[in-house]
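Novice: Fold the following, please.
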Amino acid sequence: MSELTNILNELDSMTDPLINNDIDKLIDSIISAKRIYLSGVGRSGLMIKAFANRLMQLGFTISVVGEISGPHTHHGDLIIFNSASGSSSNLISQAKIARDNKVKVAVITTNETSELAQQADLIIEIKAQSKFSQSTSIQPMGSLFEQSTLLLFDSLSLKLMKIMGINEQDMLKNHANLE
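Specialist: Predicted structure coming up:
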């Protein structure tokens, strides 16, 4: 078997995170948020930025934490963190600031008991390894988590499209035209 086939088989054996009861709460939080902030570091940060792009195309008001144009947070906002380990000090600091400003905190992680997860109103656990955990994954470090979260975010985008009655043509109206 090829490496790609092995990776696809490993992804196929993952527990579906959409079965988590908090997924519906996350969707409701996304829909009701005044502004959605998204944050992560490293490869997990790249996955959450892909989700930020889809949310923008769906018509949500979003900000990626760390961008120079990021506005102040307010009550009624939502921040979504993507962090396998939940131990990144800058993400924990961001979560504490968000909570102080009455921003709802959602965390996608492998570690429900991490310091970042302890700041969360909603936790979506992905049953995969982080770069710090022991694993039987065929892939290095957090690759399985990162792939799983990208698929999770695309699945959430599809669910949001259905709920909101939005199609791909509607999303194209929000697609970047200064590329």
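Novice: Could I get the pLDDT score of Ile23?
Specialist: pLDDT for Ile23: 89.
Novice: Please renumber the chain so that the first residue is 31 from this point on.
Specialist: Okay, using 31 as the starting number, the last item reads as Ile53.
Novice: element containing it?
Specialist: According to DSSP states H and E, Ile53 maps onto helix 52-62.
Novice: Buried residues in that helix, which are they?
Specialist: Buried positions in helix 52-62, judged by neighbour count with 16 or more other C-beta atoms under 10 Å: Asp52, Ile53, Leu56, Ser59, Ile60. Glycine gets a C-beta too; all of them are placed from N, C-alpha and C.
Novice: Contacts for that helix, please.
Specialist: By C-beta atoms under 8 Å, 6 or more residues apart in numbering, the residues outside helix 52-62 that reach it are 47, 66, 85, 90, 106, 108, 110, 134, 136, 151-154, 186, 189-190, 193-194.
Novice: Please repeat the previous calculation with a cut-off of 10 Å.
Specialist: For helix 52-62, the surrounding residues in contact (C-beta atoms under 10 Å, 6 or more residues apart in numbering) are 46-48, 50, 66, 85, 88, 90, 92, 106-108, 110, 134-136, 138, 150-155, 182, 185-186, 189-190, 193-194.
Novice: and if you look at stretch 83-93?
Specialist: 60-61, 63-69, 81-82, 94, 99-101, 103, 107-110, 183-184, 186-188, 190-191, 194, 196, 198, 200-206.
Novice: Packing partners of the helix ranked longest in the chain?
Specialist: Identified as the longest helix of the chain according to DSSP state H is helix 173-194. Judged by 3 or more C-beta pairs under 10 Å, 6 or more residues apart in numbering; DSSP states H and E, helix 173-194 is in contact with helix 33-42, helix 52-62, helix 72-87, strand 108-112, strand 134-139, strand 152-155, helix 198-202.
Novice: Just give the number of residues close to Ala114.
Specialist: Around Ala114 there are 30 other residues, counting by other C-beta atoms under 10 Å.
Novice: do the same with Leu88
Specialist: Applying other C-beta under 10 Å, I find that Leu88 has 19 neighbouring residues.
Novice: Backbone dihedrals for it, both of them.
Specialist: phi -80, psi -10 (degrees, to the nearest 10).
Novice: Quick one, grab the pLDDT at Gly172.
Specialist: pLDDT, read off for Gly172, is 68.
Novice: And for Gln169?
Specialist: 57.
Novice: State the number of residues packed around Asn197.
Specialist: 10.
Novice: got it, and Ser99?
Specialist: Other residues near Ser99 come to 6 when the count uses other C-beta under 10 Å.
Novice: Wait, Leu146 touches Gln124, no?
Specialist: Yes: using C-beta atoms under 10 Å as the test, Leu146 is close enough to Gln124 to be in contact (9.1 Å).
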